[in-house]
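> Structure here, sequence nowhere to be found:
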């Protein structure tokens with residue numbers, strides 16, 4: 001009898017948890033705030049890809065591409081767009097960041113899925129805008145990101161895991177509510193981490209850290225080679241990173 005009662009209690013508890021989960025997901029799905037946030041993520045990611053892809057696709061006239069202008073453009077853009085969209089959507093503009101927020105329970109499953117969809121669509125729209133805006137004679141790869149010369153897929157994958165871990169770990173550490181020692185602009189600091197990640201990974205994987213950034217130009221250029229690297233790598237870095245952050249949080 002005790003075993004039967006315990007099983008029934010477990011079933012009731014499971015139903016209660018599932019019911020609460022579904023109610024929360026449904027409430028978020030039908031909220032105006034979610035769809036406003038989706039639009040913000042779309043345009044935020046669209047502008048990110050347009051700006052960064054222009055920097056990497058235009059044929060240089062004075063020598064090879066440098067990582068400096070790309071890293072600074074991406075970093076400063078991320079810093080400003082986070083500040084702009086913070087109260088609307090959080091300013092993720094990156095599927096890896098959205099998955100990280102899902103893992104720690106900061107956003108619902110439906111919000112994460114819709115963010116990733118709108119970010120991906122925004123990235124494609126941004127790459128298309130860049131292609132239409134830049135003369136064809138100046139195109140060089142449409143901004144498609146690829147592993148460096150002589151770099152194996154495993155090496156590129158490892159690099160993406162590492163730089164994305166650095167970005168997500170740093171971001172969660174900076175926004176930790178248990179800290180009161182962070183001075184200055186948090187969005188700007190996150191933007192600087194993006195720049196550092198690009199500098200560090202430029203010659204290995206390109207330092208992408210953002211699956212949508214990789215997807216947009218690849219779709220427009222019809223070149224999906226190595227695309228899996230820029231989804232699997234950042235998502236691995238993002239998924240286990242929040243657990244590490246929580247473990248060493250002052251509130252842990």
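Cool, got the structure. Since this is a predicted model, take the numbers as computed values, not measurements.
> So what's the residue count around residue 203?
Residue 203: 15 surrounding residues under other C-beta atoms under 10 Å. For glycine as for every other residue, the C-beta is placed from the backbone atoms N, C-alpha and C.
> so is it in a helix, a strand, or just coil?
Three-state assignment for residue 203 (DSSP: H, G, I helix; E, B strand; the rest coil): coil.
> Make sure residue 163 is actually in contact with residue 206.
No: using C-beta atoms under 8 Å, residue 163 is not in contact with residue 206, being 9.7 Å away.
> secondary structure element for residue 163?
According to DSSP states H and E, residue 163 maps onto helix 153-174.
> Can you name every helix or strand that that helix contacts?
In this structure, helix 153-174 makes packing contacts with helix 95-103, helix 186-201, helix 229-247, judged by 3 or more C-beta pairs under 8 Å, 6 or more residues apart in numbering; DSSP states H and E.
> Other residues contacting the next helix or strand after the second one?
The one in question is helix 186-201. Later in the chain than helix 186-201, the nearest helix or strand by DSSP H and E is helix 211-221. For helix 211-221, contacts defined as C-beta atoms under 8 Å, 6 or more residues apart in numbering pick out 45, 48-49, 52-53, 57, 93-96, 116, 119-120, 122-128, 130-131, 141-145, 208, 224, 227, 230-231, 234-235.
> which of the residues in stretch 67-84 are buried?
Across stretch 67-84, burial judged by 16 or more other C-beta atoms under 10 Å covers 67, 70-79, 81-83.
> domains in this structure, as residue ranges please.
As assigned by automatic domain parsing, the chain contains the domains 1-29, 31-247.
> just these: most buried one?
domain 31-247 (a mean of 19; mean count of other C-beta atoms under 10 Å).
> Off-centre distance for that one?
Centroid separation for domain 31-247 versus its chain: 5 Å, with C-alpha atoms, centre = their mean, to the nearest Å.
> Quick one: mean pLDDT for that domain?
For domain 31-247, the mean per-residue pLDDT is 89.
> Pull the contacting residues for the most centrally placed residue in the chain.
The centroid of the chain falls nearest to residue 94 when counting by C-alpha atoms, centre = their mean (2.2 Å). Shown in contact with residue 94 (C-beta under 8 Å, 6+ apart): 45, 119, 209, 210, 211, 212, 213, 234.
> That'll do, ta.
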